[in-house]
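**Q** Need coordinates for the below:
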Amino acid sequence: MEFSRRYWITLSFFGVIALVLLWGEHKVHILGALPWLILLLCPLMHIFMHGGHSGHQHGPKKEDHHEQ
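**A** Predicted coordinates:
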């Protein structure tokens with residue numbers, strides 16, 4: 001199903017209007033939650049960007065050989 005360019009322009013126009021109205025009504029709530037969202041972002045970045053605690057190993061992995 002292919003939509004015309006006019007469809008996407010109209011959809012974008014209504015989307016922008018919806019975002020402007022939502023920002024006007026909920027700006028105080030969004031800005032009030034911003035410090036908490038930044039704090040929540042820290043552990044999420046740690047998990048996804050470092051791969052959890054296993055992502056801190058640097059260099060080649062050493063094999064465990066027992067010398068006798």
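
**Q** and Val20, what pLDDT?
**A** pLDDT recorded at Val20 is 95.

**Q** So what's the residue count around it?
**A** Under the neighbour criterion other Cβ atoms under 10 Å, Val20 is assigned a count of 10. C-beta coordinates here come from the backbone N, C-alpha and C atoms, glycine included.

**Q** how distant is the helix or strand that contains it from the center of its chain?
**A** Assessed by DSSP states H and E, Val20 sits inside helix 5-50. Distance, stretch centre to chain centre, for helix 5-50: 11 Å (Cα atoms, centre = their mean, to the nearest Å).

**Q** again, but for stretch 3-11
**A** On the basis of Cα atoms, centre = their mean, stretch 3-11 is displaced by 27 Å from the centre of the chain it belongs to.

**Q** For that stretch, give the mean pLDDT please.
**A** Mean pLDDT, stretch 3-11: 92.

**Q** Pull the number of nearby residues for His46.
**A** Neighbour count of His46, defined by other Cβ under 10 Å: 14.

**Q** try the one 4 residues further on
**A** A count of neighbours around His50, defined by other Cβ under 10 Å, yields 11.

**Q** Next: Gly24.
**A** Gly24: 8 neighbours (other Cβ under 10 Å).

**Q** Can you tell me how far it is from Ala18?
**A** 11 Å (Cβ to Cβ, to the nearest Å).

**Q** Where does the prediction get shaky in this protein?
**A** Applying pLDDT under 70 to the chain flags the ranges 1, 51-68.

**Q** and with 80 instead?
**A** Applying pLDDT under 80 to the chain flags residues 1-2, 50-68.

**Q** Return the distance of Leu21 relative to Leu40.
**A** In terms of Cβ to Cβ, Leu21 sits 26 Å off from Leu40.

**Q** likewise Glu2?
**A** Glu2 is 39 Å from Leu40, by Cβ to Cβ.

**Q** neighbour count winner among the two?
**A** Leu40 (11 against 4).

**Q** mind listing what Phe14 touches?
**A** Residues in contact with Phe14 (Cβ atoms under 8 Å, 6 or more residues apart in numbering): none are found.
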